[in-house]
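Peer 1: Could you look at this predicted model? Sequence included:
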Amino acid sequence: MKSAVSQKGLSLVGWLIALFIIGFIVSAAFKVVPHYLDDMAMKKIITAISTDKADEVSSVDDFYTHVARGMQVNNIRDLDLKTALSVTEQRDQYLAHLQYEKREPLVGNIDLVVKFDHEFSVRKP
């Protein structure tokens, strides 16, 4: 009978399974994290409208133009702004609703889906 000291640890099969699971998680993270970073950039672009004095936003079209410029600066190219963002104007603020989803193929016909849904109340500058 072997001592308890020599029986500690994973076998080769155990290590391969652990590496497979870690690789799967890392692969999924590499596909999803860029979408979360783009979403954070979109939120920052929209909320910065009230504080950005260089770009005067006085209408809904100016709002879309400001967001489109921010998307170019942040290299967000795979998002259709007209379908993802809806903006309405009230007396002293803009109400913006950002809603979209992104799909990334994972394995075969299995996709990773991330959905983003944010509402903003942005004061007019």
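Peer 2: Received it, and whenever you're ready, just let me know what you need. Residues are numbered from 1 along each chain as shown.

Peer 1: Any idea how many residues pack against the nearest residue to Glu56 once chain neighbours are set aside?
Peer 2: Distance criterion CB to CB, 6 or more residues apart in numbering; nearest residue to Glu56, sequence neighbours excluded, is Pro125 at 6.5 Å. For the C-beta atoms, the positions are set from N, CA and C on the backbone; glycine is no exception. Applying other CB atoms under 10 Å, we find 13 residues neighbouring Pro125.

Peer 1: okay, which residue is most central for this protein?
Peer 2: Nearest residue to the geometric centre of the chain (CA atoms, centre = their mean): Tyr36, 2.3 Å.

Peer 1: Just the buried residues of the host helix or strand of that one, please?
Peer 2: Secondary structure assigned from DSSP states H and E places Tyr36 in helix 12-47. If you call a residue buried by 16 or more other CB atoms under 10 Å, then helix 12-47 has these buried ones: 31-32, 35, 38-39, 41-42, 45-46.

Peer 1: On the C-terminal side of that helix, identify the next helix or strand.
Peer 2: Counting by DSSP H and E, the element after helix 12-47 in chain order, helix or strand, is helix 60-73.

Peer 1: which residues are contacting that next one?
Peer 2: For helix 60-73, the external contacting residues (CB atoms under 8 Å, 6 or more residues apart in numbering) are 41-42, 45-46, 48-49, 52, 55-57, 77, 79, 81-82, 85, 87-89, 94, 96, 122.

Peer 1: just the buried members of those residues?
Peer 2: Those of these that meet the buried threshold are 41-42, 45-46, 49, 57, 79, 85, 87, 94, 96, 122, by 16+ other CB under 10 Å.
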